[in-house]
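Engineer: everything below, folded, please.
(chains A and B)
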There are 2 protein chains.
Amino acid sequence: MNESDGSDGYAHLFADPVRETMEGAAYGTWRAITAPDAVSLAFGFPYPDALPNGAVGDAVDTVLEVDHEDALQYAGGDYADAITETVVERTRARGIDCSAEEVHVANGATHALDTVAQTFLDPGDTIAVEAPTFMGAIRLFRNYDPDIEGYAMDANGLDVDAFADDLAAREEAGDPLPKLLYTIPDFQNPTGVTLSTERRERLLELAETYDFLIVEDDPYGQLRYEGSTPPPLRSLDEDGRVIRVDTFSKTIAPGIRTGWIVADEAIIRELDRINAGGENVLTLGLVARYCEAIDFEANLEELCAGYRERRDRMLETLEERMPSGTNWSEPEGGFFVWIDFPEGIDAEELLPTAADEGVTYLPGSYFYHDGRGDGHARISFSYAAPDEIEEAIAALARATRAELPAAEAADD
Amino acid sequence: MNESDGSDGYAHLFADPVRETMEGAAYGTWRAITAPDAVSLAFGFPYPDALPNGAVGDAVDTVLEVDHEDALQYAGGDYADAITETVVERTRARGIDCSAEEVHVANGATHALDTVAQTFLDPGDTIAVEAPTFMGAIRLFRNYDPDIEGYAMDANGLDVDAFADDLAAREEAGDPLPKLLYTIPDFQNPTGVTLSTERRERLLELAETYDFLIVEDDPYGQLRYEGSTPPPLRSLDEDGRVIRVDTFSKTIAPGIRTGWIVADEAIIRELDRINAGGENVLTLGLVARYCEAIDFEANLEELCAGYRERRDRMLETLEERMPSGTNWSEPEGGFFVWIDFPEGIDAEELLPTAADEGVTYLPGSYFYHDGRGDGHARISFSYAAPDEIEEAIAALARATRAELPAAEAADD
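Structural biologist: Residues are numbered from 1 along each chain as shown, chains lettered A, B, ... in the order given. Predicted coordinates for the structure are as follows:
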């Protein structure tokens, strides 16, 4: 116990999952991928005009004046129920049956996911994830020392047949089955693809058959720019198998860091009990007051118009500029396009050239739990202005051509 | 794996520490201990006038206007450094050497403690705590399935000699030594007592000898109403053994939920990496702007005047009213007085009578990791007005007398 020869500093005192991953960079270190003169397509940030500074300021004023004695106090009392009512209302607006007892409010969706992971994962438990998936989720799951199993995606989201085959094979072989499946069904991060309704229904059947829970992470679902919305997994959930994570980060602002979980009451009760962070009462108050004051649906339409214009410009410019052999996803919503570079291009190696040409992005390998994805990149159309997006994609095309193996470049 | 006969709902899928504690109530359930006509001494809430609604509103306005594009965005950029600078400045004001690389900002002190626990505790690790101690800390430590060892307190804080004896005995017997000691050295929650300077120095020697880290939780240290301030443990720390947790909850407001950790850079690096919650950028901005705009020290003096008046009234009324055989701590600062009831009084059983008489409090057993403390209660002078405190203590005295075993009551 606590034995050290003094050469490792504190390292022998860190928990096992910390020691096992100590070489890893902090989540967010990739934000250092900036080049002062390049357009950044790296971040899933809302574009500046999407952020409602004025309305948030008004909501804060209301909270501080009207809820005077409660506004800056610890949580408690009737006042704290306002945010739950707001969340119930927003959840029902997505076609999901929901009561106040089925809601757990968190300091953002990532905090919510962390509480889910802590509530379910023992060291060595298996968690199934999409491959690729949200890098922040991989990071936080690793803190709980699980076996992370990745399952392939296609244009219709998670390949549920392949997942089902693996579950059957695991059961046959007596191998561990996952406790949780983590999925981003709508406009997935990083691929932008959406899980088909048929696959959603099949997933719920699999959850019941193989006794796992589905963590439905849905930060982008309301940001749809074309096509029709498939039902959220939680709205199809008759057996209480879905733990739904949602957030105001994309429909109000990331900087207010308010997310929530909708799940069966028996699960919410434990999440409430396990969650050790306290609530930011001022923020919860302002979110509730903001939602009272604005027309949420009309605001969503405006946001969608801004994002649609950016997505369209990105997809058009990709079509015009990228060398043949490049493929990309065509998302109907959300923030991200997933690039599949021509054979011979490594996205991480391409990055310095791309930055010189005038664009930065996140290499695909960041989104795989096992380091695959060299030939991919995530580019985000959420933040840059449409003209900047056009310039950035032109720069990406130039960089890609410059790095193409000679034969393919000449061919093109 | 995942085997269930269907009778336990989801319980078989919960992580081990969740299943082991499923009968426990959610943290904060004790807030239900209210009686509409009773004065609550149960909560460590700041009194309403202590909360700076006006200055917080001004700070939010400044953030939303001056830091316009960053105010509601994800964290990043120079703007995010403002809060770190603010924290460094506040830490140096406590006589602690501190650089930006030695700071980890969190969503409140409890969130900070949770990140420390996650970074250091594997299941079965030993953590030493004061007995009694902050109930929220016990709760969150339990999530990591450690062995919690409690060590006695006296009027000068943790009994460091007894702690040292136990460490020596453990080493002798080959029993596990603690990885962490969790202590609240200043105006401890719930006892109100302060660790003497001599004991602080001794603790640091023990940490070095027995190779553990000290988690110094100091939410109250700046709220001193008499006497002189002993040096924070972190200011005496030459070997990098102290992880200091501090918060703006008591010096600005709980509702802005901003805490931080000061520790050696090698520890901060891992805390940054392990922490999965994101930052509430609007809040961090407002805290930084608030600290720029106000005279922090002058504001502290005003706060101390308000709390001092409340403490004095509580201690005076205890002296005047409580039946003989009752003892209590006499804190020089902070929020809490710890009651030691006369023989035969059980604080939890007394509570309904006390509520009828006009006062509520928290029973002492809430603050022990092992359920001891029947004969104690924590009463807080932080929230109620001075006249209410006088009424509340009078009510506590009436209730105590009413419940005293007949012989003692007659004697009194």
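Engineer: tally of neighbours for A:Asn189?
Structural biologist: The tally of other residues near A:Asn189 (other C-beta atoms under 10 Å in any protein chain shown) stands at 24. Backbone N, C-alpha and C define where each C-beta goes, glycine included.
Engineer: please apply the same query to A:Asp147.
Structural biologist: Neighbour tally, A:Asp147, other C-beta under 10 Å: 14.
Engineer: again with A:Asp340
Structural biologist: Applying other C-beta under 10 Å, we find 18 residues neighbouring A:Asp340.
Engineer: contacts only, for it.
Structural biologist: A:326-328, A:375-376 (C-beta atoms under 8 Å, 6 or more residues apart in numbering or on different chains).
Engineer: please report phi then psi for it.
Structural biologist: Dihedral pair for A:Asp340: phi -110, psi 100, per degrees, to the nearest 10.
Engineer: do the same with A:Glu20
Structural biologist: According to degrees, to the nearest 10, A:Glu20 has phi -70, psi -20.
Engineer: what residues are up against it?
Structural biologist: Neighbour list for A:Glu20: A:Asp145 [criterion: C-beta under 8 Å, 6+ apart].
Engineer: check the contacts of A:Asp340 and tell me the two furthest apart.
Structural biologist: Maximum pairwise distance among those (C-beta to C-beta): 12.2 Å, between A:Trp328 and A:Gly375.
Engineer: hey, where'd the helices end up in the stretch 51-200 of chain A?
Structural biologist: Secondary structure of the stretch 51-200 of chain A (DSSP state H, counting those that start in this stretch): helices at A:53-66, A:68-71, A:81-92, A:109-120, A:135-142, A:160-173, A:197-210.
Engineer: quickly check: stretch A:356-371 near chain B or not.
Structural biologist: No - Stretch A:356-371 lies out of reach of chain B by C-beta under 8 Å from any C-beta of the partner chain, never closer than 13.4 Å.
Engineer: mind listing what's buried in that stretch?
Structural biologist: For stretch A:356-371, the buried set under the neighbour-count rule, 16 or more other C-beta atoms under 10 Å in any protein chain shown, comprises A:357-369.
Engineer: swap in stretch A:226-241?
Structural biologist: Of the residues in stretch A:226-241, those buried (16+ other C-beta under 10 Å) are A:230, A:232-237, A:240-241.
Engineer: can you get me the start-to-end distance on that stretch?
Structural biologist: From its first residue to its last, stretch A:226-241 covers 29 Å (C-alpha to C-alpha, to the nearest Å).
Engineer: which of the helices of the stretch 51-200 of chain A sits most buried?
Structural biologist: Mean neighbour count (mean count of other C-beta atoms under 10 Å in any protein chain shown) peaks for helix A:109-120 among the helices of the stretch 51-200 of chain A, with a mean of 26.
Engineer: just give me how far it sits from the chain centre.
Structural biologist: Computed by C-alpha atoms, centre = their mean, to the nearest Å, the separation of helix A:109-120 from the middle of its chain amounts to 13 Å.
Engineer: report the rounded mean pLDDT for it.
Structural biologist: Mean pLDDT, helix A:109-120: 96.
Engineer: cool, stretch A:273-291 as well?
Structural biologist: So the average pLDDT for stretch A:273-291 ends up being 90.
Engineer: how far does that stretch stretch from start to finish?
Structural biologist: Start-to-end, stretch A:273-291 (C-alpha to C-alpha) is 27 Å.
Engineer: and the helices in the stretch 301-412 of chain A?
Structural biologist: Secondary structure of the stretch 301-412 of chain A, counting by DSSP H, counting those that start in this stretch: helices at A:347-357, A:386-403, A:406-411.
Engineer: just to revisit the earlier point, which of the helices of the stretch 51-200 of chain A has the lowest mean pLDDT?
Structural biologist: helix A:68-71 (a mean of 90).
Engineer: what packs against that one?
Structural biologist: helix A:281-293 (3 or more C-beta pairs under 8 Å, 6 or more residues apart in numbering or on different chains; DSSP states H and E).
Engineer: re the thing from before, and chain B, which of the buried residues of stretch A:226-241 reach it?
Structural biologist: A:Gly240.
Engineer: could the buried residues of stretch A:226-241 be laid out in CSV, adding pLDDT and distance to B:Asp340?
Structural biologist: Output for these, formatted as CSV (pLDDT from 0 to 100; distance: C-beta to C-beta, whole Å):
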residue, pLDDT, distance to B:Asp340
A:Pro230, 97, 62
A:Pro232, 98, 55
A:Leu233, 98, 54
A:Arg234, 98, 51
A:Ser235, 98, 56
A:Leu236, 98, 57
A:Asp237, 96, 52
A:Gly240, 95, 47
A:Arg241, 96, 51
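Engineer: perfect, that will be all.
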